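# My questions concern the predicted model and sequence given below.
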Amino acid sequence: MGIDFQSSRKSIEEAKALATDLGLLLQAESKLVGTTKKAASQAKASQVLLELAKLPVDKLKDATDETVRVETLRKYGFTNVAAIYNSSATSLAKIPGISESSAITLKLLAEQMYEAIAQSIAYGINIDELTSTDTELLTSLQGLDQIRSATRNSITKMAPVVEKIKGSLTQTKPLKSRLRWIFTSSEKKENALDALENITFLIGEPTTIMLVQAARTGLDAINRNAPDPATDFKSRSSDYYAILEQVTNVRPNTDANRHFNQELLDRIDAQELDTSSIKATLRQYQSFGGKFALTQGRVIIGDEMGLGKTLQAIAAISHRQLNGATRFLVVCPASVLTNWVREVTSRSDLPIIKIHGDEQKSALAQWQQHGGIGITTFDTLKGFLLTEEEIKSLAVDTIIVDEAHYIKNVGTARSRVIAKWLAHSPNVIFLTGTPLENRVEEFITLATLLDKNLGSNLNRAALAAGVEPFRKAVAPIYLRRNTEEVLKELPELIEVTEYCTWEGVNKQAYIDAVAAGNFMAMRRAAFSPMENQIPSKLERLLELVEESFESGQKVIIFSYFRSVIDQVLQALGDKAIGPITGAVSSTQRQNIVDEFQASTTPRALVGQIQAAGTGLNIQAASVVIICEPQIKPSLEVQAIARAHRMGQVRKVQVHRLILPESVDENMLLMLARKQEAFENYARESALANSASGAKDATEESIAKVILLDERKRLGIEGKSKEVILEIEE
């Protein structure tokens, strides 16, 4: 048998190069993981010691039946438990009156208290007081994020390939030269040829090619200049914490899954979740949610607002797409349609088709022909007009229904249409932040749509048995976590951009405002309704308020414009308190706030951002809704600070309502640059206040630039470049 030694050596060298590139990336990742673990351990140790230092030495008496000579310890400077922990038993035994056995006991008790605290707290980064360890940790996390983003979470697949290549290479030594080949035994020759065949297959295998390209991209990413880790962390803290959680394998203390039996937990744990097409690192609770959906098939994910229900659903269908599924359907309110398009696009590689608006018929035909994720609204779905046979022939793998409580009434046309589609899809994910405890009857309706047998058993007798038995009964289809359970380490602020639509908006009013150069009218136009319709922003605002109320949270709503405030008050009715405006005296403002704080039921406080956003403490609220971008970053910072301040016991969620393809988006881009400059000044200081005042002079110039951009985008020839800036009282 003739051997092509030149070709063989070429394959072997190529295999070595591939193994080297893969190995370099794995080494870089392993080093960053080690640095991250070390820094996280040191940082957490510092936090635990701070907590120990808060415990007076008297606390040791509560931990043992033995006598603790507290006064003696105090006399010699041991005033808190941290001091005992940082000392050795030998040092303690040198204190007059402390025996050797007592010293050992004291040291043991301090160590036990240290471990108890370590298990009870989660590490959190205080961005305003970064230590050198914090900075080291952020730098390592950023490096891991760069690698994992560039390699699309495929690192775990690289190590087995490297091992296979290296194992085969050790067998190919006889192929290095003809002379070596001649003096090699028959058995080793056969092994060498088998190894060469394996190498040739591996280096040509599509998966290997993809992994090597990913590795090279990852190595390039490490070598590129990255933004300052602290600055990057400010805008993407959830991504950093997700990687930290994954690397340290620290699970949040939660009993959210206590209603699941062990068999179900084992199946969920064993379920694979392929995230190689996801452009994000999932938190452990998010991975659990994705696996839960994959394991159970037809489920309700009812997590509290801000916990990433959308990402969990995207992760589940991404996994199914990687395993051969080709067609999915997302049905949602019009107010979150744009959010869905943006989330799927930014978080995954999944192909999407928006089936809505003027092009819905052609988009529907495209989805029917090519598959992908069809994203549509409840009302548009009714207009599909497909027969049951046509729906069945589409073989939709997964249907996601967002804000699923919209279909709680089975008698409506909306619910009947949804039910028809659900009957022909094996997998369904309902997303809703409505807690089970507050809307049990409606939950039964949703459960019945998923599983008729289970739904029929959730009767009034089950309700009478109490919440715990009921939740145990619905555990196979229902998963809910709240913010406090799973995000213990996050800063007390979650900010969400809510992209709305032009649905229900009088677009002509906006165009007229642009043509007239009326900047303030442009900003207000998103709340200008078409006849007998609700503007998308107002609809989304009402949804957020309702969901907040269902979670027992109070809400503050800010707008710059009195007309918008009046519109919101009318829509909310007796659910609202206010308004706080420039015309309301300081005494009246405080009376309104006192009424809001004292309310035993969730209410919404409504006010103008320039009036209600300063000088008031409103810690009772944990949800803030800002109706439009503000031209001064300081306005938003001060408004959010009304709720996000000392005394707040819940994490604060901030929702900014944005209308795409309007002055809103243009302002966001410009204000992002302005906000960066603003962040360089200390908050709540004379310097910040004077800086804010200095920025006022640029309002007209900013408005003019945005106006001209909008005129250009809309193709409007303005008669004048004059900008009208109104003063709202």
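Thanks, I have it.

# Which single helix of the protein contains the most residues?
helix 5-53 (DSSP state H).

# Run through the strands of this structure in chain order.
Ranges of strands in the chain, per DSSP state E, are 298-301, 327-332, 352-354, 372-377, 398-402, 427-431, 478-479, 493-499, 554-559, 576-580, 604-608, 621-626, 652-658.

# Give me the contact list for the second one.
The list of residues contacting strand 327-332 from outside it, by Cβ atoms under 8 Å, 6 or more residues apart in numbering, reads 317, 320-321, 340, 344, 350, 367, 371-378, 381, 394-403, 418, 421, 425. Where you see a C-beta, it was placed from the backbone N, CA and C, and this is true even at glycine.

# Out of those residues, which end up buried?
317, 320-321, 340, 344, 350, 367, 371-378, 381, 394, 396-403, 418, 421, 425 (16 or more other Cβ atoms under 10 Å).

# Least confident secondary structure element in the protein?
helix 686-695 (a mean of 30; mean pLDDT, DSSP states H and E).

# Pop the domain breakdown of the protein in here.
The chain is divided into the following domains under the TED database: 6-184, 251-483, 491-674.

# Alpha carbons only: can I get stretch 138-152 in CSV?
The C-alpha coordinates for stretch 138-152 follow below in CSV (Å, rounded to 0.1, in the frame of the first residue of the first chain):
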residue,chain,number,x,y,z
LEU,A,138,-14.8,43.0,36.5
THR,A,139,-11.8,42.8,34.2
SER,A,140,-11.9,39.0,34.3
LEU,A,141,-15.7,38.9,33.8
GLN,A,142,-15.3,41.2,30.8
GLY,A,143,-12.7,38.9,29.3
LEU,A,144,-15.0,35.9,29.7
ASP,A,145,-17.9,37.8,28.2
GLN,A,146,-15.7,38.7,25.2
ILE,A,147,-14.7,35.1,24.7
ARG,A,148,-18.2,33.6,25.2
SER,A,149,-19.9,36.2,23.0
ALA,A,150,-17.4,35.7,20.2
THR,A,151,-17.5,31.9,20.4
ARG,A,152,-21.3,31.8,20.9
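
# ok, now how distant is the nearest residue to Glu717 once chain neighbours are set aside from Glu700?
Distances taken as Cβ to Cβ, 6 or more residues apart in numbering place Arg711 nearest to Glu717, at 7.5 Å, with adjacent residues excluded. Arg711 sits at a distance of 16 Å from Glu700 (criterion: Cβ to Cβ, to the nearest Å).

# More neighbours: which of the two?
Comparing Arg711 with Glu700 by other Cβ atoms under 10 Å, the one with more neighbours is Arg711, at 17 against 14.

# That one contacts Val514, doesn't it?
Yes: using Cβ atoms under 8 Å, Arg711 makes contact with Val514 at a distance of 5.9 Å.

# Please report the distance of the residue nearest in space to the middle of the chain from Asn532.
In the chain, the centroid-proximal residue (Cα atoms, centre = their mean) is Gly308; its distance is 4.6 Å. Per Cβ to Cβ, Gly308 is found 36 Å from Asn532.

# again, but for Asp379
From Asp379 to Asn532 the distance is 14 Å (Cβ to Cβ).

# So if I had to pick from these two, which one is more boxed in?
Asp379 (14 against 6).

# Identify the residues contacting the more buried one.
Contacts of Asp379 (Cβ under 8 Å, 6+ apart): 334, 414.

# Is Leu25 in contact with Ile147, as I believe?
Yes: applying Cβ under 8 Å as the test, Leu25 and Ile147 come out as touching, 7.0 Å apart.

# okay, and the common contacts of these two?
155, 218.

# show me what contacts Ile631?
Contacts of Ile631 by Cβ under 8 Å, 6+ apart are 667, 671, 699, 702-703.

# Which one (most neighbours) among those?
Ala703 (23 neighbours).

# Give the closest residue to that residue in space, chain neighbours not counted.
In space, Ala703 is closest to Phe519, 4.2 Å off (Cβ to Cβ, 6+ apart).

# What separation is there between that neighbour and Leu708?
Phe519 is 11 Å from Leu708, by Cβ to Cβ.

# what's the answer for Ser701, then?
According to Cβ to Cβ, Ser701 and Leu708 sit 11 Å apart.

# ditto for Ile631
With Cβ to Cβ as the criterion, Ile631 and Leu708 are 16 Å apart.

# Check Thr170 too.
68 Å.

# Compare neighbour counts for these two and give me the winner.
For Thr170 versus Leu708, neighbours defined as other Cβ under 10 Å are more numerous around Leu708 (15 against 9).

# Understood, closing this out.
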